[in-house]
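K.L.:
My questions are about this predicted structure, shown below with the sequence.
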Number of protein chains: 2
Amino acid sequence: MVKTATKLDRTKLDRTEVVSAALDLVLREGPGALTMRRLATDLDVGTPTIYWHVGSRDELVAAVIRAQAERFAERSVEGTTARDRVLSAARNIYAAAAEERAVTSLAHQTGTSSLLLGRLEDALIAELQAAGLNRAGVHDALRSILVVVTGALVLTLRDPTKHAADRDELVWSGCDLDALTTATLRAVVDRHVHE
Amino acid sequence: MVKTATKLDRTKLDRTEVVSAALDLVLREGPGALTMRRLATDLDVGTPTIYWHVGSRDELVAAVIRAQAERFAERSVEGTTARDRVLSAARNIYAAAAEERAVTSLAHQTGTSSLLLGRLEDALIAELQAAGLNRAGVHDALRSILVVVTGALVLTLRDPTKHAADRDELVWSGCDLDALTTATLRAVVDRHVHE
DNA sequence: ACCTGAACACCGTTCAAGT
DNA sequence: ACCTGAACACCGTTCAAGT
């Protein structure tokens, strides 16, 4: 009897195959599940094999983040007025990251958020320039907006099951973080782009 | 010859002693240094002893955060107008957390930030109420302000030595995050508290 | 070139056993 | 009540050795 593999008759393992398996693992079971041993088991391979293909865990994570970043690329900016378009581009960053909580958390933990959201940040920069801001104005507005987006993301991704203080429950229960983010963004966008 | 201990002639180990040693360790060498074994070595004691006193690492971290939170308590709110006082209370949260990067990072990693900053958040709530906002208004303003403070903190604590993208360098180099935070806070405070 | 078993140096945690 | 040595089940990583 020919040895028919249980999973799929792998001939060779590919670097991109490793990375996409890692991304799948993160999407399915969260960032905590991304272990070299676990990934190796999923791929039906020894642990050192993973290292041969990706070098280290840090490099693997960076590759995973980049893979997800490409999926974020095709979000388009809506609106006609400069303000609306800037707000739309800013909301895109928040919305994309909030939709893929697992990958965003992973990026956040490893300090590679800008690797994940860089393309969408570039789109925001383009809208700020189109709004007529000069170099310094673009930078100021961009930074302020990223402060709000980052804060909104952290508060959104926070695990609500383990509120540190009892007061958290009161303050954040029944809070539409999406609407809150939009409102807060509008406040800082209005500050930076006039008409 | 009587057995004179090398460090200090410990008679008994105390729970508060364990916690303050842990806080010291975090302040001196960062959150990554806080391991049960390392702390046990510092206290010249076996690892299970730490567990006997604090239960688990999570409980230890919570106690450490609470200890630092008490040191944050005495910051006072400045200003005369309602807007200035709200802004001052908001800035206090950011400033306190930014001054103790190590503990703030630890709180952030473990999702216990509100345990660290709760007292200062309460002070902010008091100022919002004093500004004449009703219950819903206080909550809305508080949440928006916490979004900005959280975002500013994350971007401030971020390790600048490992910028994920090359563009980060360009956007954030020579950026006064303190001034940026104040400006962004002013934008959302002005939005919520009118005179 | 691609993959492995075995090991190294770490974790948090537990537990029977000592005083 | 307080503390210990030894173990368990995990990590990331390396390395000689196999094909």
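P.N.:
Everything's here; your move. Numbering: from 1, shown residues only, chains lettered A, B, ... in the order given.

K.L.:
Please work out how many residues are found near residue A:140.
P.N.:
20 (other Cβ atoms under 10 Å in any protein chain shown). Where C-beta positions appear, they are placed from N, C-alpha and C, glycine not excepted.

K.L.:
quick one, what contacts it?
P.N.:
A:192, B:180, B:183 (Cβ atoms under 8 Å, 6 or more residues apart in numbering or on different chains).

K.L.:
now swap in residue A:88 and tell me
P.N.:
By Cβ under 8 Å, 6+ apart, the neighbours of residue A:88 are A:77, A:78, A:79, A:127.

K.L.:
One more: residue A:126?
P.N.:
Applying Cβ under 8 Å, 6+ apart to residue A:126 gives the contacts residue A:89.

K.L.:
Which elements pack onto the worst-scoring helix or strand of chain A on mean pLDDT?
P.N.:
Here the helix or strand of chain A ranked lowest by mean pLDDT, DSSP states H and E is helix A:166-172, holding a mean of 88. Judged by 3 or more Cβ pairs under 8 Å, 6 or more residues apart in numbering or on different chains; DSSP states H and E, helix A:166-172 is in contact with helix B:113-130, helix B:135-157.

K.L.:
hang on, the earlier thing: for PyMOL, write the select line for the buried members of the contacts of residue A:88.
P.N.:
Applying 16 or more other Cβ atoms under 10 Å in any protein chain shown to the contacts of residue A:88 leaves a buried subset, and the PyMOL line that selects it is:
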select buried, chain A and resi 77+127
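
K.L.:
Can I get the contacts of residue A:88 in CSV including secondary structure?
P.N.:
Shown next, in CSV, are the contacts of residue A:88 (DSSP: H, G, I helix; E, B strand; the rest coil):
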residue, secondary structure
A:77, coil
A:78, coil
A:79, coil
A:127, helix
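
K.L.:
Could you identify the most distant pair in the contacts of residue A:88?
P.N.:
Spatial extent of the contacts of residue A:88 (Cβ to Cβ) is set by the pair A:78 and A:127 at 10.8 Å.

K.L.:
Give me the common contacts of these two.
P.N.:
Residues touching both residue A:78 and residue A:127 by Cβ under 8 Å, 6+ apart: A:85, A:88.

K.L.:
I'd like to know which elements the strand or helix carrying residue A:178 is packed against.
P.N.:
Assigning secondary structure by DSSP states H and E places residue A:178 in helix A:177-192. On a contact count with 3+ Cβ pairs under 8 Å, 6+ apart, helix A:177-192 meets helix A:82-99, helix A:135-157, helix B:135-157, helix B:177-192.

K.L.:
hang on, the earlier thing: please report which of the contacts of residue A:140 has the highest neighbour count.
P.N.:
residue A:192 (22 neighbours).

K.L.:
Wait, it touches residue A:139, no?
P.N.:
No. Counting by Cβ atoms under 8 Å, residue A:192 does not reach residue A:139; the two are 10.4 Å apart.

K.L.:
burial count for the residue of chain A found nearest chain B?
P.N.:
Residue of chain A nearest chain B, by Cβ to the nearest Cβ: residue A:151 (2.8 Å). Residue A:151: 25 surrounding residues under other Cβ under 10 Å.

K.L.:
wait, what's in contact with it?
P.N.:
Contacts of residue A:151 by Cβ under 8 Å, 6+ apart are B:146, B:147, B:148, B:149, B:150, B:151, B:152, B:154.

K.L.:
Serialize those residues to a markdown table and add fields for pLDDT.
P.N.:
Shown next, in a markdown table, are the contacts of residue A:151 (pLDDT from 0 to 100):
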| residue | pLDDT |
| --- | --- |
| B:146 | 98 |
| B:147 | 98 |
| B:148 | 98 |
| B:149 | 98 |
| B:150 | 98 |
| B:151 | 98 |
| B:152 | 98 |
| B:154 | 97 |
